[in-house]
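Visitor: just coords:
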C-alpha cells in the first residue's frame, strides 16, 4: 500500500534521512522506532506530503506523491488519517466540532448524519459525554483520543500515529494501545506507528523498523527484534546509554 | 571589511526581495482561491464581525479625536489670517484624503493585523495548520481567503466611518467651542470637498486593507519556534503593516492625485 524509495532529507547542514527504503503492506501495522531526534516524525510527515524530500519517492496506492502540489495532495490525503504528537486539535472548536470537521469539509451538511458519526466515534474512543468540552479542558490522553477520532472519522485506509503514547502515564498509554489494536480489528486499516516506546511498538505492531542515523537499520517482526544480538538494537531495547556498556 | 559590509547589505536586500515575493505569492494564491474554490460563508461572516464590527469603537475614537484636534489646530493658525471659516474645508479634505485612511489603517494593523498573525502563528506552531493540510484542507482557502475578503469589505466601511466621525467632531469643536460661524464653515466645507476626495480615501482604504491582511497572514503562516516565534511574528506583522501603509500612502497619494486632483476645479 505504501512504498518509500531512496528518501533523502537534508535540513540545513544536517542529513535527517539518508536514503530510506520501506514497504508497508495493506492491513499491516508497522512500528517505526528509533532514538529521539532520529527523523521518525520527519519520515511520517513525508508520508502525508507535509514535507518534501530532497531526493526519493513515496508511493501510496500506486501513486507517487512527491511531484504532487498541495491541491493535488488533497485528493490523496483522505486515504490517510494522522494522529499528531500533540494531537493538534483545533483549539477554537469543541470536541464535537473537531471530530465533525473532516466530514463538514468533505461536504456533509446534514446535522443528523454529522451527530450520528461523531457519536459513533466518541463511543469507539470511550469519550461519551465529552463532546461539548474545549480541547484546553481535556487531559493528554483524551486529546489523543479526540485527535484519533478526527483522523479516522472519514474511514481512511491507513492511519499514521506520531508518538501516540508520548507524555502519557502507563495506564493511559495502555488504553491507547488497546484502542489502536481495536481500530485495526474493527476497520482493518493499515497503520504506521512512529514511537520510541517499546511497549507501544510490541503491543501493536506486526512489523518493526528501526531508524538509525537516517537509515532503516532493522526491518523485521517483533519476534526477530527480541531475539537480536545486535549491540545497537540491544542498547535501544534495554534503554542502555553508551556509558553503561 | 568592505566585502563583508557588501555581503551583509546584499544578503539583507535578497532577504527583503524574497519576503516581498512570498507576500505577493500568498496574495496571488488567495485571489486565485477566491475565484476557483469553495467559499466558506461562516468563516467570512466571523471575520466581518472580528474586523469590521469589533473595530468600531477604536475607529470612532480615532476619527473623532483626530477631527477635533485637527479642527482646533487649523483654526488657531487660520484665525490669525482671518480665515477661521476655512477650517471646515481643510479638516474635511485632509480627513478624507489622508488622515482617515492612514490612521484607520494604523489602528486596524494594530488591532486586527496583530490578532491575525498571533492566531495563525499559534496554529502553525501547534501543528494545527499541518492538521488542516493532513485533513485535505488547503490553509489559504480556510485561513486567508475569509480574512482577505472580510478586510477588503470592512476597511473602506471603517474609513468611511472614521471620515464621517472626524468631520462631525471637527464641526462640533469649530461651532460650539471655537465659535466659528456655522454657515460659512459648512459652505466652505461643502464647496471644497468633492466626491473625488472621498473616492480617494476609500481607494486607499481598500489598498491598505490588502497590505495589512497579506502581511499579517504571511507572518502567521511563517511563524516558528513556539511562543517566542509567535510573539516575534505578531510584532513584525504590526510593524511591517504600519510601515507598508505609510510608505504606500505616499505613492498612492501621488498616483491618485493624477486621477483625482486635489483642490477646487
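Guide: Yep, that arrived. Predicted model, so just to flag it, every value in this text is computed and none were measured.
Visitor: what about residue 86, how many neighbours?
Guide: All of this refers to chain A. Around residue A:86 there are 17 other residues, counting by other CB atoms under 10 Å in any protein chain shown. Just so you know, the C-beta spots here come from the backbone N, C-alpha and C atoms, and that holds for glycine as well.
Visitor: I was thinking of chain B, sorry if that wasn't clear
Guide: 20.
Visitor: Now the phi/psi pair for it, please.
Guide: phi -80, psi -10 (degrees, to the nearest 10).
Visitor: give the contact list for the most centrally placed residue in chain A.
Guide: Note on chain A: the residue nearest the mean C-alpha position is residue A:161, at 1.6 Å, using CA atoms, centre = their mean. Counting by CB atoms under 8 Å, 6 or more residues apart in numbering or on different chains, residue A:161 touches A:83, A:148, A:180, A:191-195.
Visitor: That one bridge partners, please.
Guide: residue A:83, residue A:193 (DSSP bridges).
Visitor: how much space between it and residue B:144?
Guide: To residue B:144, residue A:161 is 30 Å away according to CB to CB, to the nearest Å.
Visitor: Next, the distance between the ends of stretch B:214-233.
Guide: 13 Å (CA to CA, to the nearest Å).
Visitor: roughly how far out does stretch A:78-85 sit from the chain middle?
Guide: Between the centre of stretch A:78-85 and the centre of its chain there are 6 Å (CA atoms, centre = their mean, to the nearest Å).
Visitor: What lies in contact with that stretch?
Guide: A:41, A:44, A:47-48, A:60-61, A:106, A:144, A:147-148, A:151-152, A:154, A:156-164, A:166, A:189, B:127, B:130-131, B:134, B:136.
Visitor: What mean pLDDT does it get?
Guide: Summarised as a single mean, pLDDT over stretch A:78-85 is 90.
Visitor: Mind checking which of the contacts of stretch A:78-85 are buried?
Guide: A:41, A:44, A:47-48, A:60, A:144, A:147-148, A:151-152, A:154, A:156-164, A:166, A:189, B:127, B:130-131, B:134, B:136 (16 or more other CB atoms under 10 Å in any protein chain shown).
Visitor: pLDDT below threshold where in the chain?
Guide: This is for chain A. Scanning chain A for pLDDT under 70 picks out the ranges A:241-245.
Visitor: wrong one, chain B
Guide: In chain B, residues with pLDDT under 70: B:263-265.
Visitor: residues in it within reach of chain A, list them.
Guide: Contact residues (CB under 8 Å from any CB of the partner chain) of chain B with chain A: B:122-123, B:126-128, B:130-131, B:133-138.
Visitor: now these in a markdown table, with secondary structure?
Guide: Conversion of those to a markdown table gives the following (DSSP: H, G, I helix; E, B strand; the rest coil):
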| residue | secondary structure |
| --- | --- |
| B:122 | helix |
| B:123 | helix |
| B:126 | coil |
| B:127 | coil |
| B:128 | helix |
| B:130 | helix |
| B:131 | helix |
| B:133 | helix |
| B:134 | helix |
| B:135 | coil |
| B:136 | coil |
| B:137 | coil |
| B:138 | coil |
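Visitor: For the residues you listed, which two are the farthest from each other?
Guide: Pairwise distances across the residues of chain B next to chain A peak at 21.9 Å for B:122 and B:136 (criterion: CB to CB).
Visitor: Tell me what residue A:4 is bridged to.
Guide: residue A:22, residue A:58.
Visitor: tell me the contacts of it?
Guide: Residue A:4 neighbours (CB under 8 Å, 6+ apart): A:20-23, A:43, A:46-47, A:56-59.
Visitor: Chain B contacts on chain A?
Guide: A:45, A:48-50, A:70-71, A:73-75, A:77-78, A:80-82, A:84-86, A:88-91, A:101-102, A:105, A:150-151.
Visitor: Just the buried ones from the residues you listed?
Guide: For these, buried by 16+ other CB under 10 Å: A:45, A:48-50, A:73-74, A:77-78, A:80-82, A:84-86, A:88-90, A:101-102, A:105, A:150-151.
Visitor: among those, which are in helices?
Guide: The members of these that map onto helices under DSSP state H are A:45, A:48, A:73-74, A:101-102, A:105, A:150-151.
Visitor: which residues in chain A form helices?
Guide: Counting by DSSP H, the helices of chain A are A:40-48, A:70-76, A:95-105, A:111-124, A:140-152, A:170-187, A:198-204, A:222-227, A:231-238.
Visitor: What is the third one packed up against?
Guide: Counting by 3 or more CB pairs under 8 Å, 6 or more residues apart in numbering or on different chains; DSSP states H and E, the packing neighbours recorded for helix A:95-105 are helix A:111-124, helix A:140-152.
Visitor: List the neighbours of the shortest one that are in contact with it.
Guide: What that stands for is helix A:140-152. Outside helix A:140-152, the residues touching it (CB under 8 Å, 6+ apart) are A:81-84, A:86-89, A:95, A:98-99, A:101-102, A:118, A:121-122, A:124-127, A:130, A:135, A:138, A:159, A:161, A:164, A:167-168, A:172, A:175-176, A:179, A:183, A:187, A:189, B:131, B:134-135.
Visitor: Now do the contacts for residue B:259.
Guide: Contacts of residue B:259 by CB under 8 Å, 6+ apart: none found.
Visitor: ok, and the closest non-adjacent residue to the residue positioned nearest the centre of chain B?
Guide: Nearest to the mean C-alpha position of chain B, by CA atoms, centre = their mean, lies residue B:105 at 2.4 Å. By the measure of CB to CB, 6 or more residues apart in numbering or on different chains, the closest residue to residue B:105 outside its immediate chain neighbours is residue B:208, 3.7 Å from it.
Visitor: Please list all residues in contact with the one you found.
Guide: Residue B:208 touches B:101-102, B:104-105, B:108, B:155, B:245, B:248-249, counting by CB under 8 Å, 6+ apart.
Visitor: Of those residues, which is the nearest to chain A?
Guide: residue B:108 (21.4 Å; CB to the nearest CB).
Visitor: Now name the helix or strand holding the closest one.
Guide: Per DSSP states H and E, residue B:108 falls inside helix B:100-108.
Visitor: can you redo the residues of chain B next to chain A as CSV with distance to residue B:163?
Guide: Output for the residues of chain B next to chain A, formatted as CSV (distance: CB to CB, whole Å):
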residue, distance to residue B:163
B:122, 35
B:123, 35
B:126, 40
B:127, 43
B:128, 38
B:130, 43
B:131, 42
B:133, 42
B:134, 46
B:135, 43
B:136, 44
B:137, 39
B:138, 37
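Visitor: any idea how far whatever residue of the stretch 151-265 of chain B ends up closest to chain A is from residue B:126?
Guide: Minimum separation of the stretch 151-265 of chain B from chain A (CB to the nearest CB) falls at residue B:226, amounting to 11.7 Å. To residue B:126, residue B:226 is 9 Å away according to CB to CB.
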